[in-house]
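Student: A predicted structure for the sequence below; I have some questions about it.
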Amino acid sequence: MKIKIVVVAPYPGLVELTTSLREELKEFEIKVLQGDLSEVLPLMNRIHLDGYDVIISRGGTARLLRKYSYLPVIDIQVSGFDIMRILMVVKGYQAKIKMIGFPNIIEGFISVSGLMEVDIPYASVQQESEVDEALQLAKAEGVKVIVGDNITVRKANEHGMQGVLITSGRESVLEAFAQAKQIYKVSESYKQKKLAFERLLDTMDTGYAIVNDKGIIQFSNEAFNTWFHLPENQTGLYADYPVFSRYMADLEKGVALELLVQLDGQRQVAVSGGKMNDAAGDGMFYLKVRPVDQPGSGITMMYTSKQDDAFPPLVMTDHEFAVQSPAERAYPLAVFGETGAGKRLFAIKRWSSMPQSGSEMIELSITKRYDAAALAALRKLLSTDNEELIIYIRGVDQLSLADQRELAPVLAAAPGKIILSFDRSPLELKGSNVLDGKLCDTFAGRVVGMPPLRERLDDLDEYIRTFLIMYNERYGKQIVGLRPEVMEALRAHEWRGNLFELRNVIDQFVRSSDGEYVEAERVELLKQAGSGLGAGPHDASERPSAAGGLDLSKTLDEIEYDIIRTVLEQEEMNQSAAAKRLGINRSTLWRKMKPSGS
């Protein structure tokens, strides 16, 4: 198979010379295009689409092509023979001569002219926009003849000076093709290795991707595409998942914490990543995706949205009672209470009361199995110079006492607004030797307790009515209330999951009811409240979750999709195992998992 070469010739003579050498270059499929510097940019798409292996050009044009093309670019050198020929021509000139051009063209001339004792002053330019200024200066010096490359000679004529073009001869062009052949061999070797690695990554169940700072996917394996529903021809990540734009910015700052990303409303994955620091990976980031139930770094974060629909606005507003004390408006501060008592709502209420422009909120969850790199990234985040940033942290008591002690001054000096969340009173945790005293000192006098729902039963009717409206809208129902027996059962319930549990119970009531009222037989659903209705995907203590089970109101295709996703998750995203269990092959599984219309 012939090597496909495109020669971008800055001047007509190079077109003619390359064309005349075709008989000597039969192992190459050669296409010659003429263009100089910025003239070549409109040709880039055509060059890439035509599938060339190597580009050959010269001087500043070669430098520009190297900047805008991912293909290897060979620069036709100016040989010693070329230099001697030009020097012999200009040696006889009586007029004042000056050489102007790009460094890769004139450096050889400077050396050889010195050996031949031909003194030619010179000026080096780095880009096309500098040529006119260099020529104006030369003209002011009384220069009549300009020696240079194509763009310099052309502009010299416009300035009324004689131009002498530095051309490349036959030997230089043949040498460039020899280099192209060698580069092609090396490139093909790397291509085969790259293909092998890509095939290997496609067999893995962990998602991997390489993305640039504009959100364009340079590579992604099958698992990554499956997680994020990306069709094979889609390269942009930010359009469907704008959260990654913010994550890349944090990775750029060195905040390399695992990010929890919400998928299709219910499922979550944990994404880790980092910047590729080598020269070839400048502006590139790697991403790694795992199911949230697999072990990770021990510290995860999530960007909070003010459009979070886990709770209706009325429930959110009700937590204003917790932010009345002026002392509680200083930071860091601590908030404690049972699972679902409203600690996160307290933080969101604080955030919502801040000015809209520039304010952000990040939620962090810490487990006992955290690693040193994650702890370092946490410190980096806490040191972020953004006074409008609220950082809501669960599980700081999961850190060792030594790490808590080291973290205390970082918390105290943090520019952002830090809210620490606990399931028990910090004083109690300190007394149990779970919370370090120095860390407690950082929020001394700024502790908010959130009473459980069973101690706020006067609010129960209002919450129930609010959740009924919310789920009527979601499921297209018209339920107007609950039968007295149901209300009595709700009032007698312990509500260990607090607002999470109440929300999920009303969700179940609405979904399972067909009439205008929730009937007495639905009280049986309360028995499920202790088996997961209060749990949530971000953290068992704070985040909401959707109730499980198949939604038979969906279309057949949507139900099929849900079943496949469930089996995939149960098989830890192992596509081969999931396909075998479902009785289909991997390609059928892949096709059924693609978004419709892709």
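Tutor: In hand now; what should we look at? Numbering: from 1, shown residues only.

Student: My guess is W590 contacts A223. True?
Tutor: No - counting by Cβ atoms under 8 Å, W590 sits too far from A223 to count as a contact (10.8 Å). From N, CA and C alone the C-beta is placed, and that goes for glycine too.

Student: Neighbour count: these two, which is higher?
Tutor: Shown here are W590 and A223; by other Cβ atoms under 10 Å, A223 has more neighbours (23 against 16).

Student: Can you check the pLDDT for the more buried one?
Tutor: Predicted confidence (pLDDT) for A223: 89.

Student: about what we covered before: residues that sit against both of W590 and A223, list them.
Tutor: Listed contacts common to W590 and A223 are Q575; contacts here mean Cβ atoms under 8 Å, 6 or more residues apart in numbering.

Student: give me the element L260 is part of.
Tutor: strand 258-263 (DSSP states H and E).

Student: Flag every buried residue along that strand.
Tutor: E258, L259, L260, V261, Q262 (16 or more other Cβ atoms under 10 Å).

Student: Please identify which of these is nearest to Y517.
Tutor: Q262 (33.3 Å; Cβ to Cβ).

Student: State the distance from the closest one to D562.
Tutor: 16 Å (Cβ to Cβ, to the nearest Å).

Student: Could you list the residues in contact with the strand holding L260?
Tutor: Contacts of strand 258-263 (Cβ under 8 Å, 6+ apart): 227-229, 241, 243, 247, 268-273, 292, 296-297, 299-303, 374, 537-538.

Student: Parallel or antiparallel, which strands does that strand pair with?
Tutor: strand 267-275 (antiparallel), strand 299-303 (parallel) (DSSP bridges).

Student: Give me whichever of the ones you listed is most buried.
Tutor: Of all these, strand 299-303 has the most neighbours on average by mean count of other Cβ atoms under 10 Å, namely a mean of 23.

Student: State the mean pLDDT of it.
Tutor: 94.

Student: on that earlier part again, distance to R63 for the buried residues of strand 258-263 - can I get that in JSON lines?
Tutor: Output for the buried residues of strand 258-263, formatted as JSON lines (distance: Cβ to Cβ, whole Å):
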{"residue": "E258", "distance to R63": "41"}
{"residue": "L259", "distance to R63": "39"}
{"residue": "L260", "distance to R63": "44"}
{"residue": "V261", "distance to R63": "41"}
{"residue": "Q262", "distance to R63": "45"}
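
Student: Mind picking the lowest-pLDDT entry from the residues you listed?
Tutor: Lowest confidence among the buried residues of strand 258-263: Q262, with 85.

Student: which residues of the stretch 251-400 of the chain fall in strands?
Tutor: 258-263, 267-275, 284-291, 299-303, 333-336, 360-366, 389-394 (DSSP state E, counting those that start in this stretch).

Student: I'd like the ones you listed as CSV, with distance to E571 appended.
Tutor: Formatted as CSV, those follow (distance: least, Cβ to Cβ, whole Å):
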stretch, distance to E571
strand 258-263, 17
strand 267-275, 14
strand 284-291, 10
strand 299-303, 23
strand 333-336, 39
strand 360-366, 26
strand 389-394, 30
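
Student: tell me the domain ranges of the protein?
Tutor: Residue ranges for each domain of the chain read 3-76+171-186, 80-167, 203-292, 301-451, 455-531, 556-593, as given by automatic domain parsing.

Student: of the ones you listed, which approaches F197 most closely?
Tutor: That would be domain 203-292 among the domains of the chain, by Cβ to Cβ, at 9.4 Å.

Student: ok, now which residue in the protein is the farthest from the centroid?
Tutor: Q94 (62.3 Å; Cα atoms, centre = their mean).

Student: what's the spacing between it and V255?
Tutor: Applying Cβ to Cβ to Q94 and V255 gives a distance of 67 Å.

Student: Repeat that for E473.
Tutor: Distance of E473 to V255, computed by Cβ to Cβ: 37 Å.

Student: what do you get for L568?
Tutor: Distance from L568 to V255, counting by Cβ to Cβ: 30 Å.

Student: Could you do R46 as well?
Tutor: 41 Å.

Student: Using the three-state scheme, assign I74.
Tutor: strand (DSSP: H, G, I helix; E, B strand; the rest coil).

Student: show me what contacts it?
Tutor: V54, I55, I56, S57, A62, A176, Q179, A180, I183.

Student: so what's the fourth one closest to, chain neighbours aside?
Tutor: What that stands for is S57. Take S57 and drop its neighbours on the chain: the residue closest to it by Cβ to Cβ, 6 or more residues apart in numbering is V8, 4.2 Å away.

Student: For that neighbour, list each beta-bridge partner.
Tutor: Going by DSSP bridges, V8 forms beta bridges with L33.

Student: buried residues in the longest helix belonging to the chain?
Tutor: Criterion DSSP state H: the longest helix present in the chain is helix 170-202. Within helix 170-202, the residues scored as buried using 16+ other Cβ under 10 Å are S172, V173, A176, F177, Q179, A180, K181, I183, Y184, S187, L201.
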